[in-house]
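# Here is a sequence with its predicted model. Questions after.
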There are 2 protein chains.
Amino acid sequence: MSQPQNTRIVLASRPQGPVKPDNFRIETVPVPAPGDGEVLLKILFLSLDPYMRGRMDDAVSYAAPVAVDGVMEGGTVAEVIESKHPGYKPGDIVLSHSGWQSYALSDGTGLRKLDPDAAPLSTAVGILGMPGFTAYAGLLTIGQPKPGETVVVAAASGPVGSTVGQIARIKGARAVGIAGGADKCAFVRDELGFDVAIDHRAPDFAEQLQQACPKGIDVYFENVGGAVWDAVFPLLNTFARVPVCGLIAQYDGLDLSGKDRLPALMRDILKKSLTVRGFIQREFIDQRPVFLETMSGWLHSGEVKYREDIVDGLTNAPEAFMGLLKGHNFGKLVIRVA
Amino acid sequence: MSQPQNTRIVLASRPQGPVKPDNFRIETVPVPAPGDGEVLLKILFLSLDPYMRGRMDDAVSYAAPVAVDGVMEGGTVAEVIESKHPGYKPGDIVLSHSGWQSYALSDGTGLRKLDPDAAPLSTAVGILGMPGFTAYAGLLTIGQPKPGETVVVAAASGPVGSTVGQIARIKGARAVGIAGGADKCAFVRDELGFDVAIDHRAPDFAEQLQQACPKGIDVYFENVGGAVWDAVFPLLNTFARVPVCGLIAQYDGLDLSGKDRLPALMRDILKKSLTVRGFIQREFIDQRPVFLETMSGWLHSGEVKYREDIVDGLTNAPEAFMGLLKGHNFGKLVIRVA
């Protein structure tokens, strides 16, 4: 039997504006052999997430950028197929951060064993993983929704937004979701149980949002930026909280034309005692055990639902990722690698 | 003896841009007589503060605007000269919010008795009053300076800024103050003990600030806005906190020309996990007893110093206030009314 090959997708060049296919390159290399203390992982699922766009740029951030010619990074669910590490044996299923490739070595750093019977494996990079935890920690720690308050979130059919709205409702708040298109809006309202869903493509989007928030907005969970912000901003109430976990609308570059909106933002931050707080879920890592237990409970009770958009084949990752940045996915985007 | 007259300064018209003398009108009316449950107050000191500029506009805020033809509002130290209120007797000294006038009635709401032997009476509207408490609560609750961190504050010779820097040093942080002119900078550095003082009028102000903050900025206490913000913004560290309690540079109107700075702010809020949080000291009112005790201790030990800029005569309040908005005062601006 010939040695299996490792397919990997590397960053061929940094994007200038929107991501293009030639920013990626598919390579095939021999599967490496594990050294002492290492395991060889076969990747089962690869998570595709908006934050990866930021890692393609060479800019100051909380995380180092992916190097040109380096493997694109990403969260993965993998099977141990060979082990020279005392803590792992072949057949173990783990959460890893192995990136866009079909095999990877690991010395165990950052691995977490998964129970394949507890939940579908792909949820470890979705509702029970980084996106679910981002929603949970950001909403509860920064957003702090109270009963009767109004919580607004965009990308509401996506893995973070859908979770934000459902947790808001569990906490007794009103959930207003913003999504792109009638199908996503119907899902957000009818399946996820948001109080209102609004299509951001509607010509009267801002008016619809205002009507959906007759008592203003107490929490705006910012994960998109762009035009949604402009509609949300005037509706923010005194003491409103704005957790900021993503700005997908401006990842392809900053549009600095138009009037300067900073003075008005600072004015309202002052006059309305607003809190605007960027975060990355990692800083709340101490809460993860409680999150896992709480969210597992909500999933079992049916209080929280999730939707996945699973694409087969690692080589489809670049196209799927470019679609994600345009909002083409419907639910948590995951690549089934093996 | 003829009945004394009440001199009061009312808002004659709302400012269009910078405040002008004709936005005020001085009136003389009979001193009112207290009804049952009321006290008649003779105003001793009137506090002049930048927030009053906001009350002159008819804009949504945490506080209602002063009505046109209404008495300008403001914190005051007053003596009870007639009382039909069981809790007060003539001779009592109280903190009140009686506005720009020489006499006022009160039903006791919001009054707080002062001990004239504990501290100079004017400090009740300064270091031991609203400005001191704004600095204390905003810096400690939102800014949360840690030993070795760098805290930057503008208007550093003023009542809020001077207190912010001194508390920062007490907490083991480095204090960098920004002030206008050599005299104020010398005071901030030599008298107040800031580590560095920088003149915002210097042509190389931004470079000086960068050199003064070799490890970046962890807390920027925002009480001015404008050009200082532009110099501070690129120096903010990951997890930096920005309490916002004033924007004096933009109170006369928003300059919306120039490039849009909002996308860059939101990008850095996200990438650096920044916290930008507007506040008014009132929301931390539960902390006031601890503040009064703590600050009194710091004053007695000499760990905190303060400077007052006392102007004699109520009718000089409009001119003094217009000077305050231009940075002409040097220390806490107080009008000695009687």
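On my side now, so go ahead. What you are looking at is a predicted structure, and each value in this text was computed from that prediction instead of being measured. Numbering: from 1, shown residues only, chains lettered A, B, ... in the order given.

# who in the stretch 201-338 of chain A is up against chain B?
A:222, A:225, A:229, A:238-239, A:244-247, A:250, A:254-280, A:283 (Cβ under 8 Å from any Cβ of the partner chain). (Glycine included, C-beta is placed from N, CA and C.)

# what bits of chain A have low per-residue confidence?
Along chain A, segments meeting pLDDT under 70 span A:1-2, A:60-62.

# and if we set it to 90?
A:1-4, A:17, A:54, A:58-64, A:225-227, A:246-259 (pLDDT under 90).

# Report the contact partners of the residue nearest to the spatial centre of chain A.
Most central residue of chain A, judged by C-alpha distance to the mean C-alpha position with Cα atoms, centre = their mean, is A:P131 at 4.3 Å. A:P131 is in contact with A:47, A:49, A:125, A:158-160, A:163, A:332, counting by Cβ atoms under 8 Å, 6 or more residues apart in numbering or on different chains.

# could you redo the last one with a cut-off of 6 Å?
A:159-160 (Cβ atoms under 6 Å, 6 or more residues apart in numbering or on different chains).

# Was I right to think A:P65 contacts A:G54?
No. Look at A:P65 against A:G54 with Cβ atoms under 6 Å: they stay out of range, at 7.9 Å.

# Just the buried ones out of the residues of the stretch 201-338 of chain A next to chain B, please.
Buried by 16 or more other Cβ atoms under 10 Å in any protein chain shown: A:222, A:225, A:229, A:238-239, A:244-247, A:250, A:254, A:260-280, out of these.

# taking these one by one, which sit in strands?
Residues of those located in strands (DSSP state E): A:238-239, A:244, A:275-278.

# and which of those residues is nearest to B:L111?
A:T238 (25.8 Å; Cβ to Cβ).

# Spatially, which two of the ones in strands among the buried ones among the residues of the stretch 201-338 of chain A next to chain B are the most separated?
Pairwise distances across these peak at 21.3 Å for A:T238 and A:G278 (criterion: Cβ to Cβ).

# picking up where we left off before, more neighbours: which of A:P65 and A:G54?
With neighbours defined as other Cβ atoms under 10 Å in any protein chain shown, A:P65 and A:G54 compare such that A:G54 has more, 20 against 17.

# Just confirm the more buried one is within a helix.
Yes. Read with DSSP: H, G, I helix; E, B strand; the rest coil, A:G54 is one of the residues of a helix.

# Now do it against B:D183, distance only.
Going from A:G54 to B:D183 by Cβ to Cβ, to the nearest Å gives 46 Å.

# Show me where the stretch 101-250 of chain A has its helices.
A:130-137, A:159-170, A:182-186, A:205-212, A:227-232 (DSSP state H, counting those that start in this stretch).

# Would you mind putting these into a markdown table with distance to A:L114 alongside?
As requested, the helices of the stretch 101-250 of chain A are exported to a markdown table (distance: least, Cβ to Cβ, whole Å):
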| stretch | distance to A:L114 |
| --- | --- |
| helix A:130-137 | 14 |
| helix A:159-170 | 18 |
| helix A:182-186 | 29 |
| helix A:205-212 | 39 |
| helix A:227-232 | 35 |
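
# So for A:Q287, which of those sits nearest?
helix A:130-137 (5.5 Å).

# what's the angle between that closest one and helix A:159-170?
For helix A:130-137 against helix A:159-170, the angle by axes from the mean of the first three to the mean of the last three Cα atoms, to 10 degrees is 30 degrees.

# Alpha carbons of helix A:130-137, as PDB, please.
Provided in PDB are the C-alpha atoms of helix A:130-137 (Å, rounded to 0.1, in the frame of the first residue of the first chain):
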ATOM      1  CA  MET A 130     -15.400  28.400  19.400                       C
ATOM      2  CA  PRO A 131     -18.500  30.000  17.700                       C
ATOM      3  CA  GLY A 132     -20.900  28.800  20.400                       C
ATOM      4  CA  PHE A 133     -18.500  29.900  23.200                       C
ATOM      5  CA  THR A 134     -17.900  33.300  21.500                       C
ATOM      6  CA  ALA A 135     -21.700  33.900  21.600                       C
ATOM      7  CA  TYR A 136     -22.000  32.600  25.200                       C
ATOM      8  CA  ALA A 137     -19.100  34.500  26.700                       C
END
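
# what distance separates it from the centre of its chain?
8 Å (Cα atoms, centre = their mean, to the nearest Å).

# Same check on stretch A:166-180?
On Cα atoms, centre = their mean, the centre of stretch A:166-180 falls 17 Å from that of its chain.

# what distance separates the start and the end of it?
18 Å (Cα to Cα, to the nearest Å).

# And stretch A:143-156, by the same measure?
End-to-end span of stretch A:143-156 (Cα to Cα): 16 Å.

# which parts of that stretch are buried?
For stretch A:143-156, by 16+ other Cβ under 10 Å, it's A:143-145, A:149-156.

# what about the residue lying closest to A:P145 once chain neighbours are set aside, how many neighbours?
Of all residues not flanking A:P145 in the chain, A:A173 sits nearest, at 4.0 Å (Cβ to Cβ, 6 or more residues apart in numbering or on different chains). Under the neighbour criterion other Cβ under 10 Å, A:A173 is assigned a count of 23.

# Got the domain ranges for chain A?
A:5-126+A:306-336, A:130-282 (automatic domain parsing).

# can I get the CA coordinates of stretch A:305-314 in PDB?
Listed next in PDB are the C-alpha coordinates belonging to stretch A:305-314 (Å, rounded to 0.1, in the frame of the first residue of the first chain):
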ATOM      1  CA  LYS A 305     -30.900  24.700  18.100                       C
ATOM      2  CA  TYR A 306     -28.100  24.900  15.600                       C
ATOM      3  CA  ARG A 307     -27.700  24.500  11.900                       C
ATOM      4  CA  GLU A 308     -24.600  23.300  10.100                       C
ATOM      5  CA  ASP A 309     -23.600  23.900   6.400                       C
ATOM      6  CA  ILE A 310     -21.300  21.000   5.700                       C
ATOM      7  CA  VAL A 311     -19.200  21.000   2.500                       C
ATOM      8  CA  ASP A 312     -17.500  17.800   1.400                       C
ATOM      9  CA  GLY A 313     -13.800  17.800   0.500                       C
ATOM     10  CA  LEU A 314     -10.900  19.900   1.700                       C
END
